[in-house]
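K.L.:
return atomic coordinates for the entry below.
(6 chains)
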There are 4 protein chains.
Amino acid sequence: MNTPTHLSRPPRPRIKDKRAAILRAALEVFAEGGVNGVPIPVLADRAGVGTGTIYRYFASKDALVNELFREQRIALAKRLFVDLSPNAGPYELFVEVWQRMFDFARQDPDAYRFLELQDHRPYLDDASRSLDSKLLRNIVMTYHGFQVQGVFRKDIRPEILLSLVWGSFVNLIRSERDGYLALSQADIDSAGEACWSLCTG
Amino acid sequence: MNTPTHLSRPPRPRIKDKRAAILRAALEVFAEGGVNGVPIPVLADRAGVGTGTIYRYFASKDALVNELFREQRIALAKRLFVDLSPNAGPYELFVEVWQRMFDFARQDPDAYRFLELQDHRPYLDDASRSLDSKLLRNIVMTYHGFQVQGVFRKDIRPEILLSLVWGSFVNLIRSERDGYLALSQADIDSAGEACWSLCTG
Amino acid sequence: MNTPTHLSRPPRPRIKDKRAAILRAALEVFAEGGVNGVPIPVLADRAGVGTGTIYRYFASKDALVNELFREQRIALAKRLFVDLSPNAGPYELFVEVWQRMFDFARQDPDAYRFLELQDHRPYLDDASRSLDSKLLRNIVMTYHGFQVQGVFRKDIRPEILLSLVWGSFVNLIRSERDGYLALSQADIDSAGEACWSLCTG
Amino acid sequence: MNTPTHLSRPPRPRIKDKRAAILRAALEVFAEGGVNGVPIPVLADRAGVGTGTIYRYFASKDALVNELFREQRIALAKRLFVDLSPNAGPYELFVEVWQRMFDFARQDPDAYRFLELQDHRPYLDDASRSLDSKLLRNIVMTYHGFQVQGVFRKDIRPEILLSLVWGSFVNLIRSERDGYLALSQADIDSAGEACWSLCTG
DNA sequence: GATGAATGAGATTTCATTCAT
DNA sequence: TATGAATGAAATCTCATTCAT
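P.N.:
The predicted structure follows:
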């Protein structure tokens, strides 16, 4: 607490890509404490770099948060939609994506938690926002395709259907995180099936 | 800790006024800027009181946030569930509550926004949390009743059904707030109907 | 005439001399918490008066402290020197005063503690200081008289002798208060006798 | 080459050991204004550092005061008791220490004044208190030794004798500080001799 | 006169950012 | 290039004092 003695500190591990290290550390500590709750020195410590180094790679905390947000949004989009079976029918697709959503939240809870944080909202700039809506548009178009195919109900706009399904997912995860629920795989499956029936009418 | 109640003294209207003014102003500024984003002097300014006055009525910012949270949670519960028609069937009930949810979000956007804020989570104490789960339990029991009546599907636990419906609602409002959607009354109605179908299977 | 609030208010004890009540309460709370450690509302509460009432009787906290200091200094002087036996010899006088010092510290610990407080020093004004030195001067003259009578050693100025004796007393009490000592009556007696021998050489 | 900004910058003197600078400045300003009377920014200014820098070296104002207290208590003990002549008899020892007490108060008046402050008492933690009594115990044992040797009177406990002598010293310095006395070297010598006679009986 | 709610200046402490090394 | 000690603006909270009732 008192003298910051250099001697007692453990040797700093060699880091090849400091930028990546900072971003990964940011994900961890922000997921834990929220963006507002984590001072830069704490983040630097976790990343194994000096405080000043953060500012060699990012112009400000804001910039770092935005960078991280965009990176993770894109990573999420990839996890959800890349390598989907081209022959799969709508239901198989829907179920596959639903499952991937939960896999993501379970396997990379820091990334998921960070994306769902609200307290970075004032930090988000236009670039981050427009990326967000671009990704959404793709999914909305798929939903629209399902409507054209006669699979999804047509009396509700596709972006509304998507909002309902996404909200259901988000709230399931949140309820589990808050301790109101515990979700088995069977729960996830039947919840996905229920969302499907919501879309098909 | 909060109201300086001198034993059994009847509350003086002047006191209630400032206290209420502070709470209402807090709702406004927190909804706008988040709990972390609003310094006490700004809140005091909006409430039309001095900085120190806040601390006459609330022991700390934490205490104020918790008080506000509980107050609004209870107000929300009242708005959603009080004076429901006793003769209404399950569907009418469901639709009525669904409509009330949107009415609340529309008519008192500050209160709704504040309740949905995530950045007050670290502020919430046990009393606030337990209130939260108590309110939830009531709704879950209603859902369970619908299952027993054979109205809702029984293969999904009622708390999961509720989580899906609530998440759908929250995300619709959030999407609209973020500018991704604009919801007409017809949209709200059909979305409600879709959530109903999700519950009935 | 009849304010209805009187009925519901906690019964405030009738106070004839609010000024005296304030001073006595000040002695208590300052002795307990130091001058800096006690907010005016706490003092008002203890005195059984309203906060504002303090300022009807004293211009400021400073003024109150000074008033209290002078009052207690005078009271102390009276306790120590009034009604001393006119026929008593120097030793009897010395022992009597020594005993009265301890009686004062034991019987009115709040007053003694307050007088010994250091943290009111910045508060003390010229009037308080000059009173202090006027009282001292009287005792110094008595010591000088003892020297002239050949009772006290003459190679040390009387004010120095007094300073030694008074310091011994103060530190005995302080040591006891801090838990380093416990003083029996025999201890007090022999300590007084030792101080006497210090003065006589 | 020559950056003209150097000239316009606030000319802050270079400080090698900021921690030491802070402690020394604290001694100065606390001695002057008391612990309660000095805000951290004032202390920082005097130390020639920024406000925040204080908190790099000390967890809180409390911690700083305690650190300073212990540091100075130890320094005082060293000044009083280190390198005492091993061949000196009891009287020479007593006189030497008595002289050192006054040297300390004269040569480092800030340190002496700080140690005598009462308003840091609420700040002191257990570590500081136990250090205090440990130091005392050593001196008490020396006094006890003198009693065993037949030099000091045995009818008074050694801790009481010490309390009398220490109180005499403290009050002499205080009287001088408050302007009631001016002490020549001869005064100090004879006062010391008087205290010796107090101990020997 | 008496009150105590209200005030805001000022205290302690935090943390995003800079810059000398 | 990398660092982390240093910074000071800004946040939370306190309390001597005022003034409407």
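K.L.:
quick check: the gap between the residue lying closest to A:R24 once chain neighbours are set aside and DNA strand E.
P.N.:
Nearest residue to A:R24 in three dimensions, chain neighbours excluded: A:A47, at 7.5 Å (C-beta to C-beta, 6 or more residues apart in numbering or on different chains). To be clear about C-beta, it is placed using only N, CA and C from the backbone, and glycine gets the same treatment. According to C-beta to the nearest atom of the strand, to the nearest Å, A:A47 stands 13 Å off from DNA strand E.
K.L.:
what are the neighbouring residues in contact with A:A47?
P.N.:
For A:A47, the contact set (C-beta atoms under 8 Å, 6 or more residues apart in numbering or on different chains) comprises A:I15, A:K18, A:A21, A:I22, A:R24, A:A25, A:A26, A:I54.
K.L.:
is the helix or strand containing the fourth one positioned near DNA strand F?
P.N.:
Read it as A:I22. Secondary structure from DSSP states H and E places A:I22 in helix A:18-33. Yes: part of helix A:18-33 sits near DNA strand F under the criterion C-beta under 7 Å from any atom of the strand, namely A:K18.
K.L.:
what about the strands in chain A?
P.N.:
Ranges of strands in chain A, per DSSP state E: none exist.
K.L.:
domains of it?
P.N.:
Split into domains by automatic domain parsing, chain A comes to A:8-58, A:61-200.
K.L.:
switch the ones you listed over to a markdown table; also include mean pLDDT.
P.N.:
Listed next are the domains of chain A as a markdown table, based on pLDDT from 0 to 100:
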| stretch | mean pLDDT |
| --- | --- |
| domain A:8-58 | 86 |
| domain A:61-200 | 91 |
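K.L.:
out of the ones you listed, deepest packed?
P.N.:
Mean neighbour count (mean count of other C-beta atoms under 10 Å in any protein chain shown) peaks for domain A:61-200 among those, with a mean of 17.
K.L.:
sorry, back to before: ok, the helix holding A:I22 near DNA strand E or not?
P.N.:
No: counting by C-beta under 7 Å from any atom of the strand, no contacts exist between helix A:18-33 and DNA strand E, the nearest distance being 9.4 Å.
K.L.:
I'd like the distance from that helix to the chain centre, please.
P.N.:
13 Å (C-alpha atoms, centre = their mean, to the nearest Å).
K.L.:
tabulate the CA atom coordinates of it in PDB.
P.N.:
Provided in PDB are the C-alpha atoms of helix A:18-33 (Å, rounded to 0.1, in the frame of the first residue of the first chain):
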ATOM      1  CA  LYS A  18       0.400  -6.400 -26.500                       C
ATOM      2  CA  ARG A  19      -2.500  -5.100 -28.300                       C
ATOM      3  CA  ALA A  20      -4.300  -8.500 -28.200                       C
ATOM      4  CA  ALA A  21      -3.300  -9.000 -24.600                       C
ATOM      5  CA  ILE A  22      -4.800  -5.700 -23.700                       C
ATOM      6  CA  LEU A  23      -8.100  -6.500 -25.500                       C
ATOM      7  CA  ARG A  24      -8.400  -9.900 -23.900                       C
ATOM      8  CA  ALA A  25      -7.600  -8.500 -20.500                       C
ATOM      9  CA  ALA A  26     -10.200  -5.700 -21.000                       C
ATOM     10  CA  LEU A  27     -12.800  -8.300 -21.800                       C
ATOM     11  CA  GLU A  28     -12.100 -10.100 -18.600                       C
ATOM     12  CA  VAL A  29     -12.000  -7.200 -16.300                       C
ATOM     13  CA  PHE A  30     -14.900  -5.300 -17.900                       C
ATOM     14  CA  ALA A  31     -17.000  -8.500 -17.800                       C
ATOM     15  CA  GLU A  32     -16.200  -8.700 -14.100                       C
ATOM     16  CA  GLY A  33     -16.500  -5.100 -13.000                       C
END
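K.L.:
what helices or strands is that helix leaning on?
P.N.:
On a contact count with 3 or more C-beta pairs under 8 Å, 6 or more residues apart in numbering or on different chains; DSSP states H and E, helix A:18-33 meets helix A:40-47, helix A:51-57, helix A:61-81, helix A:109-116.
K.L.:
what do you get if the cut-off is 6 Å, keeping everything else the same?
P.N.:
Where contact means 3 or more C-beta pairs under 6 Å, 6 or more residues apart in numbering or on different chains; DSSP states H and E, helix A:18-33 is packed against helix A:40-47, helix A:109-116.
K.L.:
could you give the angle of it to helix A:61-81?
P.N.:
90 degrees (axes from the mean of the first three to the mean of the last three C-alpha atoms, to 10 degrees).
K.L.:
run through who's touching helix A:18-33.
P.N.:
Residues outside helix A:18-33 that contact it (C-beta atoms under 6 Å, 6 or more residues apart in numbering or on different chains): A:I15, A:V38, A:L43, A:R46, A:A47, A:V49, A:Y57, A:L68, A:D110, A:A111, A:R113, A:F114.
K.L.:
turn the residues you listed into TSV, columns for distance to D:M101.
P.N.:
Shown next, in TSV, are these (distance: C-beta to C-beta, whole Å):
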residue	distance to D:M101
A:I15	58
A:V38	52
A:L43	53
A:R46	53
A:A47	55
A:V49	53
A:Y57	60
A:L68	63
A:D110	62
A:A111	67
A:R113	63
A:F114	63
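K.L.:
ok, which of the helices and strands packed on helix A:18-33 comes nearest B:W166?
P.N.:
Ranking the helices and strands packed on helix A:18-33 by proximity to B:W166 (C-beta to C-beta) places helix A:109-116 first, at 15.3 Å.
K.L.:
near chain B at all, that closest one?
P.N.:
No: figure legend: helix A:109-116 not in contact with chain B (C-beta under 6 Å from any C-beta of the partner chain); closest approach 7.9 Å.
K.L.:
same question, stretch A:86-97
P.N.:
No: on the criterion C-beta under 6 Å from any C-beta, stretch A:86-97 is out of touch with chain B, staying 13.7 Å away.
K.L.:
which residues does that stretch contact?
P.N.:
A:L80, A:F146, A:V151, A:G192, A:W196.
K.L.:
same check, this time on stretch A:193-201
P.N.:
Everything outside stretch A:193-201 that qualifies as a contact, by C-beta under 6 Å, 6+ apart, is A:F94, A:F152, A:R153, A:L161, A:V165, A:S168, B:A194, B:L198.
K.L.:
repeat the analysis, applying 8 Å as the threshold.
P.N.:
Residues outside stretch A:193-201 that contact it (C-beta under 8 Å, 6+ apart): A:91, A:94-95, A:98, A:143, A:146, A:151-153, A:155, A:161, A:164-165, A:168-169, B:153, B:156, B:161, B:164, B:168, B:194-195, B:197-199, B:201.
K.L.:
quick one: A:L162 from D:V151, how far?
P.N.:
Using C-beta to C-beta, to the nearest Å, A:L162 is found at 97 Å from D:V151.
K.L.:
next one: A:F152
P.N.:
105 Å.
K.L.:
and what of A:G145?
P.N.:
Taking C-beta to C-beta, one finds A:G145 at 107 Å from D:V151.
K.L.:
same check on A:P109?
P.N.:
For A:P109 relative to D:V151 (C-beta to C-beta), the value is 76 Å.
K.L.:
what does A:V140 give?
P.N.:
For A:V140, the distance to D:V151 - C-beta to C-beta - is 99 Å.
K.L.:
from what I see, A:E67 and A:F58 are in contact.
P.N.:
Yes: using C-beta atoms under 8 Å, A:E67 is in contact with A:F58, at 6.4 Å.
K.L.:
send me stretch A:94-113 as PDB with only the CA atoms.
P.N.:
Taking C-alpha atoms only, stretch A:94-113 is exported to PDB below (Å, rounded to 0.1, in the frame of the first residue of the first chain):
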ATOM      1  CA  PHE A  94     -32.900 -21.800 -36.400                       C
ATOM      2  CA  VAL A  95     -32.200 -24.500 -33.900                       C
ATOM      3  CA  GLU A  96     -28.500 -24.500 -34.800                       C
ATOM      4  CA  VAL A  97     -28.200 -20.700 -34.400                       C
ATOM      5  CA  TRP A  98     -30.200 -20.900 -31.100                       C
ATOM      6  CA  GLN A  99     -27.800 -23.500 -29.800                       C
ATOM      7  CA  ARG A 100     -24.800 -21.500 -30.900                       C
ATOM      8  CA  MET A 101     -26.100 -18.500 -29.000                       C
ATOM      9  CA  PHE A 102     -26.100 -20.500 -25.800                       C
ATOM     10  CA  ASP A 103     -22.700 -22.000 -26.600                       C
ATOM     11  CA  PHE A 104     -21.300 -18.600 -27.000                       C
ATOM     12  CA  ALA A 105     -22.700 -17.300 -23.700                       C
ATOM     13  CA  ARG A 106     -21.400 -20.400 -22.000                       C
ATOM     14  CA  GLN A 107     -18.100 -20.800 -23.600                       C
ATOM     15  CA  ASP A 108     -17.000 -17.200 -23.700                       C
ATOM     16  CA  PRO A 109     -19.000 -15.700 -20.800                       C
ATOM     17  CA  ASP A 110     -16.700 -12.700 -20.600                       C
ATOM     18  CA  ALA A 111     -17.300 -11.800 -24.200                       C
ATOM     19  CA  TYR A 112     -21.000 -12.300 -23.900                       C
ATOM     20  CA  ARG A 113     -21.200 -10.400 -20.700                       C
END
